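S.K.: when you get a sec, could you give me coordinates for this:
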Amino acid sequence: DALDWISKQPWCDGNIGMQGSSYLGFTQMACTMARHPALKCIIPEVCMGTVFSDALYIGGGFTQGAVSYIFEMLDKKILPNRTWSEILRHRPLIEIDSFAAGEDLPQWNTQMDHWRSDDYWKQQDFFLTTKPRNVAALQIGGWFDDCFPGMRRSWELLQRQGGGQPQRMIIGPWRHNYNDNRKLNGFDFGISSLRTDIFLIKQMWFDRFLKGMDNGVDQPVVEYFVLGANEWRSAAAWPPKNAEPRKWYFHSSGRAHKLETDGRLSPLPPSGSETADEYIYDPEDPAPNWMSWDRLEYFEDVQQFPYDFKDIETRNDVVIYTSAPLKEDLTVAGDVMAVLYTSCDVKDTDWWVYLSDVHPDGSSVRLTTYMLRARFRNLEDKVHHVFGSNFEKEELLSGDMTDVVRYDISMLGTAAVFKKGHRLRIGVTNACEGYGFPNSNTGKNEAYVTKTVKGTMAIHHSKKYPSHVILPVLKKSEDNGDGALECWSVDR
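M.R.: As a prediction, the model looks like this:
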């Protein structure tokens, strides 16, 4: 209706463009479902994908940042005698609103009760329309934005359903408030990490698709910032066409949860049997993320920020697998997928996986992470979680330690150079408190759980159960359509 009204106004020439970030980016993507002939182009910035998979829930689990976000959107203040640490540890989750704000919030109850991807969420899901959108889209986001997985999914959607219209994407070393700082958590991404040409590109995008100017703004198709090299590169597609999936396999003597040097990551698959890494996950003492909500002055998407995890990795419930020092630089760019074979003695749990760059000084800098709730492991779309049936049907675990289950956990990507002498590391754990609410292991509705169960976990890595990570390694090729990018500046 809004597009109809605008297109009929005397000041409109019948061509409409949209621009906006975060929720306003979601609004643009939702508008593409109408396939309105007047909507020629959009510029969704730091835009989430589905409301269920990319906002309040990720991987089937409820995010802790959603509490702060919902309270902020409803303009609710927490009681003066409450801290965020107390609030996020309160159980059952369904009562957090009363405990934190002193009142029952219907919206909070609704979000808690719809813990599957059901009709409540589907009525807001812009991925469900399969017809061509016929809209040119310029998407802008950052590696460390919690909404980046949603932007990656939206990119895939428009590659499939864009109706042949030009698509362009820019990915920087940015947070949700993008292109505003060269440093995150003390990590300096260099002077070129901030783009002086973003506003110019957006203006040119509108000139091209609303005014018909042939200004070449639809090239390059993808511009992405390479962490470690601290430089921009361009590609004709995403993932880059010259990114080759390579498997790195887990190995250990069964003590990777206790000894840093025991867990190994190698291109060679297990040749026989290896002792699984077995440990206890206690939901009352979960592995943490890097940050504390008590230290934040206001809601901010910080859960994906880079951080040195070496101290957290000393915990017995954080299992790490590390490569030998690299003999030459290794560049990855694209989607990262972990394939885990695990068993446990509980009915449900979460599996968190992260990729980090281990420096010669021992620091372990996390680059990307994601999780999957065990009960939702049978997804139709294991990479993007949006095409087909996902997070609708649950299948609880048997609780039998001899029952080995496969999990495909998509981290949806990064671009980084692991320099000579550095090491690759994959970390596996069952919680990331500060990012998601820890799974109680009970298999019950987490919104109403008040008691938890300790669980024995085992990560298998044998010839029969070869746990591994698939990295998108850039091949060294002179003719690959990719290259370093010279950034424009407005005063050029």
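
S.K.: all helices for this structure, in order.
M.R.: Secondary structure of the chain (DSSP state H): helices located at 2-7, 23-31, 51, 65-73, 84-89, 96-101, 106-113, 119-122, 148-161, 198-210.

S.K.: and these as CSV, adding distance to G254?
M.R.: In short, each C-beta sits where N, CA and C put it, glycine included. Compiled in CSV, the helices of the chain are given as follows (distance: least, C-beta to C-beta, whole Å):
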stretch, distance to G254
helix 2-7, 61
helix 23-31, 46
helix 51, 42
helix 65-73, 36
helix 84-89, 33
helix 96-101, 39
helix 106-113, 39
helix 119-122, 41
helix 148-161, 33
helix 198-210, 50
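
S.K.: flag the shaky bits of the chain, pLDDT-wise.
M.R.: Per-residue confidence for the chain (pLDDT under 70) gives these ranges: 296-301, 477-492.

S.K.: leaving out sequence neighbours, find the closest residue to the residue most central in space within it.
M.R.: Centroid-nearest residue in the chain: P149, 4.1 Å away (criterion: C-alpha atoms, centre = their mean). Of all residues not flanking P149 in the chain, L412 sits nearest, at 4.5 Å (C-beta to C-beta, 6 or more residues apart in numbering).

S.K.: surely that neighbour meets G150?
M.R.: No. With contact defined as C-beta atoms under 8 Å, L412 does not count as touching G150 (9.3 Å).

S.K.: the more surrounded of those two?
M.R.: Just comparing L412 and G150: by other C-beta atoms under 10 Å the higher neighbour count belongs to G150, 28 against 20.

S.K.: list the residues that contact the more buried one.
M.R.: Taking C-beta atoms under 8 Å, 6 or more residues apart in numbering as the criterion, G150 is in contact with C47, M48, G49, T50, S53, D54, A55.

S.K.: switch to 10 Å and redo it
M.R.: When contacts are counted by C-beta atoms under 10 Å, 6 or more residues apart in numbering, G150 touches 25-26, 29, 44, 46-51, 53-55, 58, 141, 384, 386, 412.

S.K.: same thing with D4?
M.R.: The neighbours of D4, taking C-beta under 10 Å, 6+ apart as the test, are A34, H36, A38.

S.K.: who does E244 bridge with?
M.R.: As for beta bridges, E244 partners with V473 under DSSP bridges.

S.K.: that one reaches L330, doesn't it?
M.R.: No. Contact between E244 and L330 fails when scored by C-beta atoms under 10 Å: they sit 11.6 Å apart.

S.K.: which neighbours do the two have in common?
M.R.: For the pair E244 and L330, residues contacting each of them under the criterion C-beta under 10 Å, 6+ apart are L471, V473, L474.

S.K.: if we can go back for a sec, where do the contact lists of L412 and G150 overlap?
M.R.: Common neighbours of L412 and G150 are listed as H384 (criterion: C-beta under 10 Å, 6+ apart).

S.K.: one step back: most surrounded residue in the shared contacts of E244 and L330?
M.R.: Ranked by neighbour count under the definition other C-beta under 10 Å, these are headed by L471 with 27 neighbours.

S.K.: what number of residues are in the vicinity of the nearest residue to F418 once chain neighbours are set aside?
M.R.: For F418, the nearest residue in space outside its immediate sequence neighbours is L330; the separation is 4.5 Å by C-beta to C-beta, 6+ apart. By the criterion of other C-beta under 10 Å, L330 has 19 neighbours.

S.K.: do the same with D207
M.R.: Residue neighbour count, defined by other C-beta under 10 Å, stands at 15 for D207.

S.K.: so it touches D218, yeah?
M.R.: No. Using C-beta under 10 Å, D207 and D218 do not qualify as a contacting pair, with a distance of 11.6 Å.

S.K.: measure stretch 216-228 end to end?
M.R.: Chord length of stretch 216-228, first to last residue, is 30 Å (C-alpha to C-alpha, to the nearest Å).

S.K.: how about that stretch: buried residues?
M.R.: Taking 16 or more other C-beta atoms under 10 Å as the basis for neighbour counts, the residues of stretch 216-228 that come out buried are V217, D218, P220, V222, E223, Y224, F225, V226, L227, G228.

S.K.: pipe those residues into JSON lines and attach distance to A100 per row.
M.R.: Written out in JSON lines, the entries for the buried residues of stretch 216-228 read as follows (distance: C-beta to C-beta, whole Å):
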{"residue": "V217", "distance to A100": "46"}
{"residue": "D218", "distance to A100": "47"}
{"residue": "P220", "distance to A100": "46"}
{"residue": "V222", "distance to A100": "42"}
{"residue": "E223", "distance to A100": "41"}
{"residue": "Y224", "distance to A100": "39"}
{"residue": "F225", "distance to A100": "37"}
{"residue": "V226", "distance to A100": "41"}
{"residue": "L227", "distance to A100": "36"}
{"residue": "G228", "distance to A100": "40"}
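
S.K.: and these, which is closest to D285?
M.R.: Of all the buried residues of stretch 216-228, D285 sits closest to L227, with 31.8 Å by C-beta to C-beta.

S.K.: any idea how far the residue lying closest to that closest one once chain neighbours are set aside is from F225?
M.R.: In space, not counting the residues next to it along the chain, L227 is nearest to A416; the distance is 4.0 Å by C-beta to C-beta, 6+ apart. As judged by C-beta to C-beta, to the nearest Å, A416 and F225 stand 10 Å apart.

S.K.: and for the two, which residues touch both?
M.R.: By the contact definition C-beta under 10 Å, 6+ apart, A416 and F225 are jointly contacted by W143, P173.

S.K.: and the nearest residue to G443 once chain neighbours are set aside, what does it touch?
M.R.: Across the structure, with C-beta to C-beta, 6+ apart as the measure, the residue nearest G443 apart from its sequence neighbours is K347 (2.9 Å). Applying C-beta under 10 Å, 6+ apart, we find K347 in contact with 374-375, 396-399, 440-444, 453, 455.

S.K.: ok, 7 Å please
M.R.: With contact taken as C-beta atoms under 7 Å, 6 or more residues apart in numbering, K347 is in contact with L396, L397, G399, T442, G443.

S.K.: all the strands of the stretch 101-250 of the chain, residue numbers only.
M.R.: With DSSP state E, counting those that start in this stretch, the ranges of strands along the stretch 101-250 of the chain come out as 136-142, 167-172, 183-184, 187-188, 222-226, 231-235, 243-251.

S.K.: the fourth one pairs with which strands?
M.R.: Looking at strand 187-188 with DSSP bridges, its partner strands are strand 183-184 (antiparallel).

S.K.: which other residues reach the strand it pairs with?
M.R.: Among residues not part of strand 183-184, those counted as contacts by C-beta under 7 Å, 6+ apart are F144, R175, F305, P306.

S.K.: give the contact list for the last one.
M.R.: So the one you mean is P306. By C-beta under 7 Å, 6+ apart, the contact list for P306 reads F144, L184, N185, F187, V365, R366, L367.

S.K.: one more: Q159?
M.R.: Going by C-beta under 7 Å, 6+ apart, Q159 touches Q167.

S.K.: T50 versus that one, what's the distance?
M.R.: Looking at Q159 against T50, where the rule is C-beta to C-beta, the gap reads 17 Å.

S.K.: and what of G163?
M.R.: According to C-beta to C-beta, G163 stands 21 Å off from T50.

S.K.: ok, the two, which is more surrounded?
M.R.: Set side by side, G163 and T50 show unequal neighbour counts under other C-beta under 10 Å, the larger going to T50 at 26 against 13.

S.K.: now the more buried one, nearest residue through space, not along the chain?
M.R.: With C-beta to C-beta, 6+ apart as the criterion, T50 has its nearest non-adjacent residue at 5.2 Å, and that residue is D125.

S.K.: surely the one you found meets G49?
M.R.: No. Counting by C-beta atoms under 7 Å, D125 stays clear of G49, with 9.0 Å between them.
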